[in-house]
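Asker: fold the following, please.
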Amino acid sequence: MNLNLAWFNSIDNINRDCLLHPLEIVLDRARETDYQSLSLKSLKRSIKTLLTKQKKIGNIEKKKYDWPISLSILGAEWSYRTFGDPKNLKALKFIFDNNIDDQGNWMTPINKVDYTMKGYSLLYLLELTNDLRYHKACQKLASSLLVEHERVIDGCLPYTLTGSAQGILVDTLAMICPFLARYSNYYGDAEAMNVSINQLKQFVQKNTDYDTHLPYHGYYDDGPKRLGMHAWGRGTSWYMIGLIDTLLEMPFKHPDYSELLKAYIDAANSLRNYQRQDGHWNWAILNRKDRFDSSTTSMVGYSLMRGLQAKLLDNSFQRVVDAAIEALVSVTRSNGVLEGSSGECQGLGKYPQSYGTSLWLQGSATAFAAIYFASEGQKQ
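Answerer: Numbering: from 1, shown residues only. Sure thing, here's the model as predicted:
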């Protein structure tokens, strides 16, 4: 299919706005009306209201978790890679420059692994700019994982930096592994690659289903294992992103490359079988009678598109990503805001049934669509 460029521009604009504003102004306001239709006076009034409301919970960067903004950053990275629009480069610099001081120190504590996820795109920005502040900031993120973070018996990193009885969650695969693998390639740090691969390898061996090859939510190293939902939509998305974005940074001759590639392809084949007729995946992927989750569609779509682009998946997956793009187009408002995202997980086995807009949907859909568009352009 030919990707509608106007659609991509609309979702890209919203994603970029979410990085340039300190709050989720665009998405919050979009629940009521079209962002582009607001008058300047109305927009200013809306922003003032949101600023007052958000004081209680802080801005995006000071919320409990950082992974939502990291996916928005990923969207801006891939949009800039594809189109070279300087506005996306500006957005990337803006979000990092407002979180890193002049000495390269992070302005808020690094106390969970999801904080390090944005280092993946920061390394890309470092390659473009060679800014010493970004260099120092990347090293601090890596140090938090490689030096400061406690590890469990099998060498894996739990979600939080310290504490007892820490479980290994599927989320960590996308939040830690691609960053450390890209960091290893940039700095020649072998330990970073080893930690990244070990996190994935241990999870594949201990916490995936033998029949579907899809993951459970988490495990404890000393047991029990296979905890939480099997094939939870966003968890499966984390699993697939962690695998593909790390595989594409790994040396082909690495002794664990073939094992991780097989895990990725096996899971991709299962996901193809469980894709809905409308192109979406359900929030509980194996439950065909449940409702769809557009953030699962965008994140899984991104992971499959990356594999297809790298020729790790065969051409039969083109129909899968075509259908996923069509599904995302169908849940996009006229102003470019995507809807139908499941809410934020409240912990292992806690999956709230609330659906709407989200940074993680907007960002991952932008990343997916940018790569898809690049692939379509190469065919023409």
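Asker: excluding its backbone neighbours, what's nearest the residue nearest to the spatial centre of the chain?
Answerer: Closest to where the C-alpha atoms of the chain average out (CA atoms, centre = their mean) is L71, at 4.2 Å. Distances taken as CB to CB, 6 or more residues apart in numbering place G363 nearest to L71, at 3.7 Å, with adjacent residues excluded. In short, each C-beta sits where N, CA and C put it, glycine included.
Asker: just checking, what packs against the host helix or strand of W238?
Answerer: In the assignment (DSSP states H and E), W238 maps to helix 233-247. Applying 3 or more CB pairs under 8 Å, 6 or more residues apart in numbering; DSSP states H and E, we find helix 233-247 packed against helix 171-187, helix 190-206, helix 257-274, helix 294-309.
Asker: and the angle for the shortest one with helix 257-274?
Answerer: Interaxial angle of helix 294-309 relative to helix 257-274 (axes from the mean of the first three to the mean of the last three CA atoms, to 10 degrees): 130 degrees.
Asker: look up how far I153 lies from N9.
Answerer: To I153, N9 is 49 Å away according to CB to CB, to the nearest Å.
Asker: who has more neighbours out of the two?
Answerer: N9 (14 against 8; other CB atoms under 10 Å).
Asker: for the residue nearest to L71, helix, strand, or coil?
Answerer: helix (DSSP: H, G, I helix; E, B strand; the rest coil).
Asker: confirm for me that it is in contact with E77.
Answerer: No: at 9.7 Å, G363 does not count as touching E77 under the criterion of CB atoms under 8 Å.
Asker: what about the two, which has more around it?
Answerer: G363 (33 against 25).
Asker: quick one: low-confidence parts of the chain?
Answerer: 1-3, 22-64, 161-165, 376-380 (pLDDT under 70).
Asker: try it again with 50
Answerer: 1-2, 23-24, 32-39, 43, 46-62, 380 (pLDDT under 50).
Asker: tell me which of the helices and strands packed on helix 233-247 sits most buried.
Answerer: The highest mean neighbour count among the helices and strands packed on helix 233-247, using mean count of other CB atoms under 10 Å, belongs to helix 294-309: a mean of 28.
Asker: what angle sits between that one and helix 171-187?
Answerer: 40 degrees.
Asker: can you name the element that comes right after helix 294-309?
Answerer: With DSSP H and E, the next secondary element past helix 294-309 is helix 318-330.
Asker: helices or strands up against the next helix or strand along the chain from that next one?
Answerer: Per DSSP H and E, the first helix or strand lying C-terminal to helix 318-330 is strand 341-342. For strand 341-342, the elements it packs on are helix 294-309, strand 355-356, judged by 3+ CB pairs under 8 Å, 6+ apart.
Asker: so which of these gets nearest W238?
Answerer: helix 294-309 (7.7 Å; CB to CB).
Asker: could you pull out the helices for the stretch 51-200 of the chain?
Answerer: For the stretch 51-200 of the chain, the helices defined by DSSP state H, counting those that start in this stretch occupy 67-83, 86-97, 119-129, 132-143, 171-187, 190-206.
Asker: tell me which residues touch the residue nearest to D293 when sequence neighbours are not counted, please.
Answerer: Take D293 and drop its neighbours on the chain: the residue closest to it by CB to CB, 6+ apart is W283, 3.7 Å away. Going by CB atoms under 8 Å, 6 or more residues apart in numbering, W283 touches W232, G233, R234, D290, R291, F292, D293, T296, S342, Y351, Q353.
Asker: how close does W283 sit to A310?
Answerer: Taken as CB to CB, the span from W283 to A310 is 28 Å.
Asker: swap in T236?
Answerer: Counting by CB to CB, the gap from T236 to A310 is 20 Å.
Asker: give me the neighbour count for the residue lying closest to E339 once chain neighbours are set aside.
Answerer: Of all residues not flanking E339 in the chain, V331 sits nearest, at 5.1 Å (CB to CB, 6+ apart). Look at V331: counted by other CB under 10 Å, it has 20 neighbours.
Asker: how about V331, what does it touch?
Answerer: S294, L338, E339, G340.
Asker: what backbone torsions are found at it?
Answerer: phi -110, psi 20 (degrees, to the nearest 10).
Asker: re the thing from before, any chance of the helices and strands packed on strand 341-342 in CSV, plus distance to W106?
Answerer: Shown next, in CSV, are the helices and strands packed on strand 341-342 (distance: least, CB to CB, whole Å):
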stretch, distance to W106
helix 294-309, 25
strand 355-356, 30
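Asker: among these, which is nearest N198?
Answerer: That would be, of those and by CB to CB, helix 294-309, which comes in at 20.4 Å.
Asker: got the angle for the closest one vs helix 318-330?
Answerer: 150 degrees.
Asker: need the CA coordinates for helix 294-309. CSV is fine.
Answerer: In CSV, the C-alpha atoms belonging to helix 294-309 read as follows (Å, rounded to 0.1, in the frame of the first residue of the first chain):
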residue,chain,number,x,y,z
SER,A,294,-3.5,0.3,19.3
SER,A,295,-0.3,0.8,21.2
THR,A,296,0.4,-2.9,20.9
THR,A,297,-0.3,-2.5,17.2
SER,A,298,2.2,0.4,16.8
MET,A,299,4.9,-1.2,19.0
VAL,A,300,4.7,-4.7,17.5
GLY,A,301,4.4,-3.0,14.0
TYR,A,302,7.6,-1.1,14.7
SER,A,303,9.5,-4.3,15.7
LEU,A,304,8.3,-6.2,12.6
MET,A,305,9.0,-3.4,10.3
ARG,A,306,12.6,-3.2,11.6
GLY,A,307,13.0,-6.9,11.0
LEU,A,308,11.5,-6.6,7.5
GLN,A,309,13.7,-3.7,6.7
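Asker: sounds good, over and out.
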